[in-house]
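K.L.:
I would like the atomic coordinates for the input below:
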Amino acid sequence: MRWYIRLLLLVSWLLVGTSSQATEYRPLPPSPKTGLSSDWLIYDAPHNQLVLYLPDYHTPARAYYQWTSLQPGHPVRVAFVAQQNLCVFLDNRLIFHAPTAGAYTLDLATHLSATTTGPHLLCVWQPEVPPNIASFTNTGTVTLEQPGKNRVKPLAAQPRFRTHQGQTVFLCFMLLIGLLYGGIRATYQPNFSRIYQLEGLWRKHKQEADFLVKPTLTWLNIILVLIFSLSFALLLVAIHTNIQSIGMIRRLFDVPESAIVARVFLYTGLIAGFILGKYLFLELMGYIFDVTSVVVVQYREFMRTILFMGLFLPLVMLLYLSFNQTLPATVLWVSNGVVSLMLVGTVLRIASTLHRRSSLLNLHLFSYLCATEVIPLIVLLKLIVFTY
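P.N.:
Okay, here's the model as predicted:
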């Protein structure tokens with residue numbers, strides 16, 4: 001009986017060992033090609049392997065990989081558009097770092113040792129936002145000439161001045177915004193001047209009361225809100241591109257990085273919905289804090305202030321289109337400053353208007369102001385300004 005049990009255990013052990021060995025396999029890397037291909041790999045952390053990146057299936061990553069075949073002495077030139085701080089690695093070794101945003105050409109073969117053979121792992125990494133891997137293209141491989149003749153020198157990483165991939169789209173939107181502002185100013189001259197007057201920030205009490213008692217949701221104001229939303233959306237897409245890389249926003253609205261027009265319309269709808277829907281939020285919070293008498297005045301002051309400050313957003317876009325290639329850091333600081341001034345100035349203006357009607361020392365009013373203005377201000381500053 002014992003030999004029968006031993007035989008049964010031996011057969012079971014052999015079956016289990018064979019099945020476990022059959023399931024243990026590792027996917028082979030794709031066959032390397034000379035230069036770049038259109039297929040990119042991303043790192044699958046749970047399985048500790050590189051998998052093929054599918055744009056419509058995987059979320060955008062910050063690092064992309066590719067197996068390529070390179071030989072020492074055989075130049076392979078790659079052209080690409082890089083944002084600031086983009087890095088290129090070859091076999092886990094840093095070979096290129098973009099000091100500023102622009103277009104570059106890089107010869108991969110110049111970074112190989114004389115004895116290096118076999119496939120090489122190319123990595124493109126961007127610290128803040130997903131890199132534009134669609135811009136990586138081959139500019140051609142150069143075959144070395146016979147000994148004794150002049151050889152073509154490998155081309156090092158040099159900036160190439162090229163227009164921004166979305167510059168034409170931004171210019172078209174800027175032209176549309178200018179036409180809309182001009183048409184409204186010519187059609188609704190009195191109401192337009194009532195909103196867009198610098199003296200309105202220091203208006204007298206009688207003028208202020210005249211503005212705050214007029215209806216808010218008129219067709220003119222709705223059109224101006226849409227124009228403001230379009231201007232703000234252009235600024236977010238052009239400069240604050242890292243917003244799309246936030247996990248929560250990407251899960252709710254997963255729009256590709258290259259779909260500039262779709263992202264502009266998406267942000268325009270979100271901003272316009274936030275502005276128009278804020279009135280319902282104020283009504284709810286006013287009922288909770290028992291300060292419903294100030295809701296209408298607060299919302300009218302909110303609308304008037306953001307519409308006035310939104311007039312400066314197209315100027316920032318013009319600054320971006322003019323100096324982004326040469327002074328990207330300056331453009332970023334100006335954009336952050338204008339956005340911060342617009343958000344903080346709106347809250348301060350609303351607080352000043354409410355304080356003249358009822359002292360903010362009132363605990364209910366102060367708590368209501370913090371819940372409706374201060375906390376949303378901190379969230380918006382974090383998403384738009386301090387994240388970048």
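K.L.:
The residue lying closest to Thr139 once chain neighbours are set aside: how many residues sit nearby?
P.N.:
Among residues not flanking Thr139 along the chain, Arg77 sits closest, at 4.3 Å (C-beta to C-beta, 6 or more residues apart in numbering). In short, each C-beta sits where N, CA and C put it, glycine included. Arg77 has 19 neighbouring residues, counting by other C-beta atoms under 10 Å.
K.L.:
residues contacting the closest residue to Phe323 other than its chain neighbours?
P.N.:
With C-beta to C-beta, 6+ apart as the criterion, Phe323 has its nearest non-adjacent residue at 5.7 Å, and that residue is Val331. Applying C-beta atoms under 8 Å, 6 or more residues apart in numbering, we find Val331 in contact with Ile239, Leu319, Tyr320, Phe323, Asn324.
K.L.:
Quickly check these for the two that are furthest apart.
P.N.:
Largest separation among these by C-beta to C-beta: Ile239 and Phe323, giving 11.7 Å.
K.L.:
which one of these two has more residues nearby?
P.N.:
Of the pair Ile239 and Phe323, Ile239 is the one with more neighbours under other C-beta under 10 Å, namely 22 against 13.
K.L.:
my read: the more buried one touches Leu332, true?
P.N.:
Yes: counting by C-beta atoms under 8 Å, Ile239 does reach Leu332; the two are 6.3 Å apart.
K.L.:
Count the neighbours of Leu315 for me.
P.N.:
Leu315: 12 neighbours (other C-beta under 10 Å).
K.L.:
can you map out the strands along the protein?
P.N.:
33-34, 41-44, 49-52, 63-69, 76-82, 87-90, 94-97, 102-107, 119-125, 137-141, 158-160 (DSSP state E).
K.L.:
Least reliable of these by average pLDDT, please.
P.N.:
When the strands of the chain are compared on mean pLDDT, strand 158-160 scores lowest, with a mean of 41.
K.L.:
Return the distance of stretch 126-145 from the chain's centre.
P.N.:
Relative to the chain's own centre, stretch 126-145 is displaced by 21 Å; criterion: C-alpha atoms, centre = their mean, to the nearest Å.
K.L.:
picking that back up, next one: the residue nearest to Thr139 from Pro119, what distance?
P.N.:
Distance, Arg77 to Pro119, using C-beta to C-beta, to the nearest Å: 19 Å.
K.L.:
Was I right to think Phe312 contacts Val338?
P.N.:
Yes: with contacts defined as C-beta under 8 Å, Phe312 counts as touching Val338 at a distance of 6.0 Å.
K.L.:
Which of the two has more residues huddled nearby?
P.N.:
Val338 (17 against 12).
K.L.:
which ones are touching the more buried one?
P.N.:
Phe312, Leu313, Val316.
K.L.:
If we ignore the residues flanking it in sequence, what's nearest the second one?
P.N.:
Spelled out, it's Leu313. The spatial neighbour of Leu313 that comes closest, neighbours along the chain excluded (C-beta to C-beta, 6+ apart), is Ser231 at 4.0 Å.
K.L.:
circling back: including distance to Phe308 and pLDDT, could the contacts of Val331 go into CSV?
P.N.:
As requested, the contacts of Val331 are exported to CSV (distance: C-beta to C-beta, whole Å; pLDDT from 0 to 100):
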residue, distance to Phe308, pLDDT
Ile239, 21, 81
Leu319, 19, 89
Tyr320, 21, 87
Phe323, 25, 84
Asn324, 26, 78
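K.L.:
what's around the residue nearest to Leu313, how many residues?
P.N.:
24.
K.L.:
I'd like the distance between it and Val88.
P.N.:
Remark: distance between Ser231 and Val88 (C-beta to C-beta) = 35 Å.
K.L.:
and if you look at His120?
P.N.:
Using C-beta to C-beta, His120 is found at 12 Å from Val88.
K.L.:
Comparing the two, which residue is more hemmed in?
P.N.:
It is Val88, of His120 and Val88, that has more neighbours when counted by other C-beta under 10 Å, with 24 against 20.
K.L.:
so who does Gln84 touch?
P.N.:
Gln84 touches Ala98, Pro99, Thr100, Ala101, Pro328, counting by C-beta under 8 Å, 6+ apart.
K.L.:
Out of these, the closest to Asp107 would be?
P.N.:
Nearest to Asp107 among the contacts of Gln84: Ala98, at 15.6 Å, using C-beta to C-beta.
K.L.:
what about that closest one, neighbour count?
P.N.:
20.
K.L.:
cool, Asp44 as well?
P.N.:
That count, for Asp44 with other C-beta under 10 Å as the rule, works out to 11.
K.L.:
is it in a bridge, and if so with what?
P.N.:
For Asp44, the beta-bridge partners under DSSP bridges are Gln49.
K.L.:
right, and it touches Val51 too?
P.N.:
Yes: counting by C-beta under 8 Å, Asp44 does reach Val51; the two are 4.7 Å apart.
K.L.:
Do you have the helices of the stretch 251-388 of the chain handy? List them.
P.N.:
260-289, 295-309, 313-323, 328-357, 363-369, 375-380 (DSSP state H, counting those that start in this stretch).
K.L.:
Quick one: closest of those to Thr110.
P.N.:
The nearest among these, by C-beta to C-beta, is helix 328-357 at 27.0 Å.
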